[in-house]
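Asks: Everything below, folded, please.
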Amino acid sequence: MHTLDMTHADEVSSSNQEYRLVARAINQIVASNLEALSPSVLAQQLGVSGLKLRRLFNSWAGISPSRFIQFVSYLQAADGLRVGKKVFAAAMDGGVSSASRLNDCTGNIVAMTPGELAEYVHYVSIWWGLSETPFGQAVVAWTQRGICSLQFVDDDYSVTQALQRIQREWTLAALSEDQSEAKQILSKVFSTKSTNRVALDVRGTNFQVQVWKALLEIPFGDTAAYQQLAENVGRPKAQRAVGTAVGANPVSILIPCHRVIRSTGVIGKYRWGATRKRALLVREALTA
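Replies: Predicted coordinates for the structure are as follows:
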């Protein structure tokens, strides 16, 4: 169904090692149950030198290992999530350098009836590719109008599965592979320098689009509860339906479903894993 030349695959695999180490670090910090965890102990648990650990977090988040441990610890605490970035700001006391921020989105988020959706997706050309991001490998797909799918892939969710989802959502669309363009698109999405807005081409039911637009209103570096989201779309008693619409989001990150948490402050489920959700929230809090 798809092919990747070995040079590109090796490049992606190499660059993906950094995020894998970050993810392991997050899991170790969470497993400590907020007990004191020094950078030296964390480095030992990860099987790396203290120097490599410092370089990793300076590169990935622009902070020291001790600051990173502090951030993840606050993220793990329910009270920290209830008030979002304010707690992070109070905890950090400065000393944070800027890392990658995501570009704003623009363009086509169009509401359609189920019948209109079925008719529309028959006649679209879609290009796709795989590349690295600060949060692991991702498959991105796009039409002439903009990005229509962005999915993380790993040991639990393959490239083939990502392509199958695109094909289900865009029935009978013609898919073509373009690894070079995909790399440029994802580089732009996560660029620290580009000021261009990212175009989307996303279709959903009226209710889904309402929820997705509400997600775009959650400030960068902040969080919102499902209850708050339901109220924002005028359906305060429809938290379950809102959760389903959040889960149907086809463009992870760009429509920020990772910013939705439970009212108790618990992170909750995420299609791409709780560890990646923590990584996203920590990175955004650092650069907000």
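Asks: Would you map the helices across the chain?
Replies: In the chain, the segments counted as helices under DSSP state H are 6-31, 39-46, 50-60, 65-76, 78-82, 85-92, 114-120, 159-169, 179-189, 206-216, 226-232, 239-247, 274-287.
Asks: and L172, how many neighbours?
Replies: 9 (other CB atoms under 10 Å). From N, CA and C alone the C-beta is placed, and that goes for glycine too.
Asks: Show me what the lengthiest strand in the chain is packed up against.
Replies: Across the chain, the longest stretch assigned as strand under DSSP state E is strand 125-133. Contact analysis of strand 125-133 by 3 or more CB pairs under 8 Å, 6 or more residues apart in numbering; DSSP states H and E lists helix 6-31, strand 136-142, strand 147-152, helix 159-169, strand 174-177, helix 179-189 as its packing neighbours.
Asks: please redo it, this time with the cut-off set to 7 Å
Replies: helix 6-31, strand 136-142, helix 159-169, strand 174-177, helix 179-189 (3 or more CB pairs under 7 Å, 6 or more residues apart in numbering; DSSP states H and E).
Asks: can I have the last one written out in PDB, keeping just the CAs?
Replies: What that stands for is helix 179-189. Coordinates of each C-alpha in helix 179-189 appear next as PDB, following Å, rounded to 0.1, in the frame of the first residue of the first chain:
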ATOM      1  CA  GLN A 179       7.600  12.100   1.000                       C
ATOM      2  CA  SER A 180       9.500  15.200   0.100                       C
ATOM      3  CA  GLU A 181       6.500  17.500   0.300                       C
ATOM      4  CA  ALA A 182       5.300  15.800   3.500                       C
ATOM      5  CA  LYS A 183       8.600  16.600   5.100                       C
ATOM      6  CA  GLN A 184       8.300  20.200   4.100                       C
ATOM      7  CA  ILE A 185       4.700  20.500   5.400                       C
ATOM      8  CA  LEU A 186       5.500  19.000   8.800                       C
ATOM      9  CA  SER A 187       8.600  21.100   9.100                       C
ATOM     10  CA  LYS A 188       6.400  24.200   8.500                       C
ATOM     11  CA  VAL A 189       3.800  23.000  11.000                       C
END
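Asks: Buried ones in stretch 162-171, by neighbour count?
Replies: Using 16 or more other CB atoms under 10 Å as the test for burial, stretch 162-171 gives 162-163, 165-167, 169-170.
Asks: Ok, stretch 133-149 next?
Replies: 133-143, 146-149.
Asks: Next, the residues that contact that stretch from outside, please.
Replies: With CB atoms under 7 Å, 6 or more residues apart in numbering as the contact definition, stretch 133-149 has outside contacts at 12, 16, 19, 60, 100, 107-108, 124-131, 150-154, 159, 162, 166, 170, 182, 185-186, 190, 198-202, 250-251, 254, 276, 279-280.
Asks: State the mean pLDDT of the longest strand of the chain.
Replies: Rounded to a whole number, the mean pLDDT of strand 125-133 is 95.
Asks: Model confidence for A248, exactly?
Replies: What the model reports as pLDDT for A248 is 93.
Asks: and the residue nearest to it when sequence neighbours are not counted, how many neighbours?
Replies: Closest residue to A248 apart from its sequence neighbours, by CB to CB, 6 or more residues apart in numbering: Q208 at 5.8 Å. For Q208, the neighbour count with other CB under 10 Å is 23.
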